[in-house]
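Novice: sequence unavailable; structure follows:
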């Protein structure tokens, strides 16, 4: 695996650790909450940088990120059979996220809220999350993929 993608992975992890995201969760956050937010950030990341020129690099980033997730799940203590099932579930969740946010910029506020609420059903008052992901999406669109490959961005 390419270690140069560690910056991107770590940035996405840092974004998913942002305490502001969890203020409307009426319980302590769990690994699954952080993973869902990680995947949502990653989906926005891919949406913004997806083009023919970046195709190979994005595939490598995708592979690297999911390999890192698999290693994290192993560290938690899941066995090989359950890891395969969990990874399949997470990959399916991720692909549904990518599909649902593909036309994010063309959606109305209520449509965006519905999509956010679908993936983050345990979170309440998702207006804050909507605002956060709109800003995150805009910030991604102002940068190049190369800027993420060569530096560490702060959440």
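Specialist: Cool, the structure landed. Everything numeric in this text was worked out from a predicted model, so none of it was measured. Numbering: from 1, shown residues only.
Novice: please count neighbours and contacts with C-alpha atoms only from this point.
Specialist: Noted.
Novice: low pLDDT regions in the chain?
Specialist: Within the chain, the stretches with pLDDT under 70 are 1-2, 151-155.
Novice: any idea how many residues pack against residue 105?
Specialist: Using other CA atoms under 10 Å, residue 105 is surrounded by 12 other residues.
Novice: residue 90 too?
Specialist: By other CA under 10 Å, 19 other residues sit near residue 90.
Novice: state the distance from it to residue 29.
Specialist: Residue 90 is 18 Å from residue 29, where distance means CA to CA, to the nearest Å.
Novice: over to residue 23?
Specialist: Distance from residue 23 to residue 29, counting by CA to CA: 10 Å.
Novice: for residue 72, same thing?
Specialist: Taking CA to CA as the measure, residue 72 falls 17 Å from residue 29.
Novice: again with residue 19
Specialist: Distance, residue 19 to residue 29, by CA to CA: 10 Å.
Novice: which of these two has more neighbours?
Specialist: Set residue 19 next to residue 29 and count neighbours by other CA under 10 Å: residue 29 wins out with 14 against 9.
Novice: ok, and the closest non-adjacent residue to that one?
Specialist: Spatially, and ignoring its direct neighbours in sequence, residue 29 is nearest to residue 22 (7.1 Å; CA to CA, 6 or more residues apart in numbering).
Novice: ok, that neighbour touching residue 34?
Specialist: No. Residue 22 lies out of contact with residue 34 (CA atoms under 8 Å); the separation is 9.2 Å.
Novice: flag every buried residue along whatever helix or strand residue 99 lives in.
Specialist: Here residue 99 is covered by helix 80-101, with elements defined by DSSP states H and E. For helix 80-101, burial by neighbour count (16 or more other CA atoms under 10 Å) applies to 83, 87, 90, 93-94, 97-98, 101.
Novice: redo the residues you listed as JSON lines? Include distance to residue 148.
Specialist: Converted to JSON lines, the buried residues of helix 80-101 look like this (distance: CA to CA, whole Å):
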{"residue": "83", "distance to residue 148": "29"}
{"residue": "87", "distance to residue 148": "25"}
{"residue": "90", "distance to residue 148": "24"}
{"residue": "93", "distance to residue 148": "24"}
{"residue": "94", "distance to residue 148": "21"}
{"residue": "97", "distance to residue 148": "21"}
{"residue": "98", "distance to residue 148": "19"}
{"residue": "101", "distance to residue 148": "21"}
